[in-house]
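> give me a model of this one.
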Amino acid sequence: MATAEQPHPSAEGLTITALLRRNAQQYPERPALTTGIGPDAGTLTWSQLRAEVAALTRGLTLLGLERGDRMLIAMSARAEHWIADLAAVHAGALPCSTYDTMGTEQIGVLARHSAATVLLLEGEEQVRRWQPLLDDLPDLRAVVVLDWDAAPAGDPRFVAYTAVRGATAPDDAAFEALTDAVTPDRLLALTYTAGTTGDPKGVVLTHRNVIHECLMQQQLVPLPEHPRSLAYLPPAHVAGRVLGIHMPVCDAGHVTICPAPGGLLPALRTVRPQVFFGVPRVWEKIAAALRAELAALPAEQAEPVAQARGTALEVHRLRSEGTDLPAELTGPLEQLDTQVMRPFRAAVGLDDCHRAFNGAAPVPTAVQEFLASVGLPVYEVWGLTETTGAATISVPGAFAPGSAGRPGPGIEVEEAGDGELLVRGPVVCAGYLRADGTVESATDADGWLPTGDVGTVDSRGLVTVTDRKKEIIVTDGGKNIAPARIESLLRAHPLVAHAVVIGERRRHLTALLVLDEETAPSWARARGITVSGPDALSRDPEVLEALDRAVAEANVVFSHEEQVRNHRVLAGPWTTETGELTPELSLRRRAIDELHAATIEAMYTP
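Predicted structure coming up:
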């Protein structure tokens, strides 16, 4: 079992509502929330943000939103989304954001289960998807629409956002009373799991859960005052909600909402965030952008960069082994980073990044070492929606390739008899929302949460996750195989965006390899391949030969049973819209099995 140090006592007694008030009172003119990038961006200060929250809270209360109610938010990433979420919290209700990519049938499951009394919609697209469901939601009292032109005429359930916001005159005393009424154990947010292997579950988080998560990260990896951050993950995801909405409140930081995932790199260059969380796909794209910058350097600049990279990589590897760093390395590294590497990292806007974390799945070692070599060490975290995000955190003095770090302050992790990792501590959720509005505990009698992840805890207290318990492949010979490690190695090739290992109840393993829509074309051009388009590339002999070699090289690392015997190259891309990925870019394995059943069967046909 691994047990972390105790949390900082400053976390006790805090609530998001009280921290928002603190920010408005102590830092009234400091920027809090910016929407958009460039000259058209709009910014709210902390005093302005709280005033907007207060106005909407009054209107939602008049609509009948009460303590214990659920409120669903179907909006894109914009200021009103943040305001609505915080307003529901002040009213004592439980806000829940839905993914923009959900179809009517999917959102119907969430709407009926949550028994929401108020629904906030952005515009025409959201109204179109939600309207067929409304008559099947008996608890629904009101539908608030931001773009009033999109609301259907004559339906009394619909009301304009502006009308709700301006429904009544300010009442400071009443709003302060709502702020004071909130306690650390009051419910703060409802977040549905992605449902990668089954139906989504509604995870209920408290103020205590979220504030502990935020302050323990600050305790382990401190940031400058009022840190800059970039919100690009959807608020429907636990990381998007905690890092995008709640952590800036805890840190009195300045968060910029990225308008669209496709604009991430330009947004990074503009915002220059001091804290950034990514999933492997994001870090792979950042590494690809830095490699392109590296290849374009003139010879006189390339040499000092190569020297700095060598030193930075040596330091990274020594730290991963837990080795003390010699002075002859630390001094030169600091100077080289300031003079050489920091300006180089500015190409992707991460020259002032103090905290770079990765989650969802491990970053391939080659990508992680490349980033470390340019002065951007990316540290793994591990957790679930049920653990408010990160339960374990890697830091410079406690990390190793493939591990997810040690438990955060106040958190315990232990291995069950079957290898499943169990977590106990203040980040563990209040439980799962039942259809009747009550909350079912997610832990056993001793407070342990079964995570569904299989892994180990080593002598240094470092936790390594090998796979999801439900995703362990059992071959027809009875061999248990964790696919994530194999997939990570296959995905390290620049041609590959996604790798999926198949083999449940099969005689051997096979794999689907999906081409990277960004790096595959540039890889092909560099080798003089003239075919254009993803379909043509997926059939090109040189591309297929390169991936044959990649699979063969990966097989050398694994045992006979773990080797991939056959594979197919798919053009892609895979997206949430095509059905293979969750909104946080995790694989939907059940959907992949169904969508690509014919291709999979062909790999097992003699």
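
> switch to C-alpha atoms for all contacts and neighbour counts from now on
Noted.

> isn't Pro170 right up against Leu56?
No: under the criterion of CA atoms under 8 Å, Pro170 makes no contact with Leu56, lying 10.3 Å away.

> so between the two, which is more surrounded?
More crowded of Pro170 and Leu56, by other CA atoms under 10 Å: Leu56, with 29 against 13.

> could I get the pLDDT score of Asp40?
Model confidence at Asp40, expressed as pLDDT, equals 85.

> distance-wise, check it relative to Glu594.
Counting by CA to CA, to the nearest Å, the gap from Asp40 to Glu594 is 44 Å.

> one more: Ala163?
Shown here: Ala163 relative to Glu594, a distance of 46 Å by CA to CA.

> ditto for Leu585
The gap separating Leu585 from Glu594 is 18 Å, by CA to CA.

> contacting residues for the nearest residue to Gly68 once chain neighbours are set aside?
On the basis of CA to CA, 6 or more residues apart in numbering, the spatially nearest residue to Gly68 that is not a chain neighbour turns out to be Ala93, at 5.0 Å. Contacts were defined as CA atoms under 8 Å, 6 or more residues apart in numbering; by that measure Ala93 touches 65-71, 188.

> hmm, back to that, looking at Ala163 and Glu594, which one has more neighbours?
Just comparing Ala163 and Glu594: by other CA under 10 Å the higher neighbour count belongs to Ala163, 15 against 11.

> pLDDT value on that one, please?
In this model, Ala163 is scored at 96, pLDDT.

> and what of the one 5 residues further on?
Each residue has a pLDDT score; the one for Thr168 is 90.

> quick one: contacts for the residue sitting nearest the centre point of the chain?
Central residue of the chain (CA atoms, centre = their mean): Ala239, 4.4 Å from the mean position. Taking CA under 8 Å, 6+ apart as the criterion, Ala239 is in contact with 233, 388-389.

> so where does it fall, helix or strand?
In this structure, Ala239 is located in helix 238-241 according to DSSP states H and E.

> Val210 reaches His246, doesn't it?
Yes: here Val210 lies in contact with His246, judged by CA under 8 Å, at a distance of 7.3 Å.

> between the two, which one's more packed in?
Legend: neighbour count by other CA under 10 Å for Val210 and His246, higher for Val210 (28 against 23).

> okay, the more buried one and Pro248: tell me how far apart.
12 Å.

> do Ala231 as well
Separation of Ala231 from Pro248 (CA to CA): 10 Å.

> residues shared between the contacts of the two?
Val255.

> of these two, who's got more company?
Ala231 (28 against 22).

> tell me if I'm right that that one and Gly240 touch.
Yes: with contacts defined as CA under 8 Å, Ala231 counts as touching Gly240 at a distance of 6.8 Å.

> neighbours of Pro224, just the number please.
The number of residues near Pro224, taken as other CA under 10 Å, comes to 12.

> mind checking which helix or strand it is in?
Here Pro224 is covered by no helix or strand, with elements defined by DSSP H and E.

> so Gly419 sits right up against Thr456, yeah?
Yes: contact between Gly419 and Thr456 holds when scored by CA under 8 Å: they sit 7.1 Å apart.

> the more surrounded of the two?
Just comparing Gly419 and Thr456: by other CA under 10 Å the higher neighbour count belongs to Thr456, 20 against 17.

> neighbouring contacts of the helix or strand where that one lies?
With secondary structure defined by DSSP H and E, Thr456 is part of strand 449-457. Contacts of strand 449-457 with the rest of the structure, by CA under 8 Å, 6+ apart, involve 1-2, 384, 414-415, 419-424, 428, 442-443, 463-470.

> show me the residues you listed that map onto strands.
Among the contacts of strand 449-457, the residues falling in strands (DSSP state E) are 2, 384, 414-415, 420-424, 463-468.

> how about the helices in the stretch 501-606 of the chain?
The residue ranges that make up the helices of the stretch 501-606 of the chain, judged by DSSP state H, counting those that start in this stretch, are 519-526, 534-539, 541-557, 589-595, 597-603.

> give me whichever of these is most buried.
Ranked by mean neighbour count under mean count of other CA atoms under 10 Å, those are led by helix 534-539, which reaches a mean of 17.

> what packs against that helix?
Identification of packing neighbours for helix 534-539 by 3 or more CA pairs under 8 Å, 6 or more residues apart in numbering; DSSP states H and E yields strand 564-570.

> can you give me the neighbour number for His560?
As a burial measure, the neighbour count of His560 was computed by other CA under 10 Å and equals 11.

> swap that for Glu518, please
There are 15 residues near Glu518, going by other CA under 10 Å.

> how about Ile286, what does it touch?
Counting by CA under 8 Å, 6+ apart, Ile286 makes contact with 265, 348.

> separation between it and Gly349?
10 Å.

> shared neighbours, those two?
With contacts defined as CA under 8 Å, 6+ apart, the residues adjacent to both Ile286 and Gly349 are Leu265.

> can you show me the CA trace of the host helix or strand of Pro304 as PDB?
For Pro304, the enclosing helix or strand under DSSP H and E is helix 299-320. Below are the C-alpha coordinates for helix 299-320, written out as PDB (Å, rounded to 0.1, in the frame of the first residue of the first chain):
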ATOM      1  CA  ALA A 299      22.900  24.900 -38.200                       C
ATOM      2  CA  GLU A 300      24.200  27.600 -36.000                       C
ATOM      3  CA  GLN A 301      21.100  27.300 -33.700                       C
ATOM      4  CA  ALA A 302      20.800  23.500 -34.000                       C
ATOM      5  CA  GLU A 303      24.100  22.800 -32.200                       C
ATOM      6  CA  PRO A 304      23.400  24.600 -28.900                       C
ATOM      7  CA  VAL A 305      19.900  23.100 -28.900                       C
ATOM      8  CA  ALA A 306      21.300  19.600 -29.300                       C
ATOM      9  CA  GLN A 307      23.700  20.200 -26.400                       C
ATOM     10  CA  ALA A 308      20.900  21.500 -24.200                       C
ATOM     11  CA  ARG A 309      18.700  18.600 -25.100                       C
ATOM     12  CA  GLY A 310      21.400  16.100 -24.200                       C
ATOM     13  CA  THR A 311      21.800  17.600 -20.800                       C
ATOM     14  CA  ALA A 312      18.100  17.900 -20.100                       C
ATOM     15  CA  LEU A 313      17.500  14.300 -21.100                       C
ATOM     16  CA  GLU A 314      20.300  13.000 -18.900                       C
ATOM     17  CA  VAL A 315      18.800  14.900 -15.900                       C
ATOM     18  CA  HIS A 316      15.400  13.500 -16.700                       C
ATOM     19  CA  ARG A 317      16.600  10.000 -16.700                       C
ATOM     20  CA  LEU A 318      18.600  10.400 -13.400                       C
ATOM     21  CA  ARG A 319      15.500  11.900 -11.700                       C
ATOM     22  CA  SER A 320      13.400   9.000 -12.900                       C
END
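
> and the contacts of the following helix or strand past it?
With elements assigned by DSSP H and E, the helix or strand that comes after helix 299-320 is helix 327-336. Defining contact as CA under 8 Å, 6+ apart, one finds that helix 327-336 is touched by 308, 311-312, 315.

> go on, stretch 468-477?
Under the contact criterion CA under 8 Å, 6+ apart, stretch 468-477 has outside partners 197, 420, 452-454, 479-483, 502-508.
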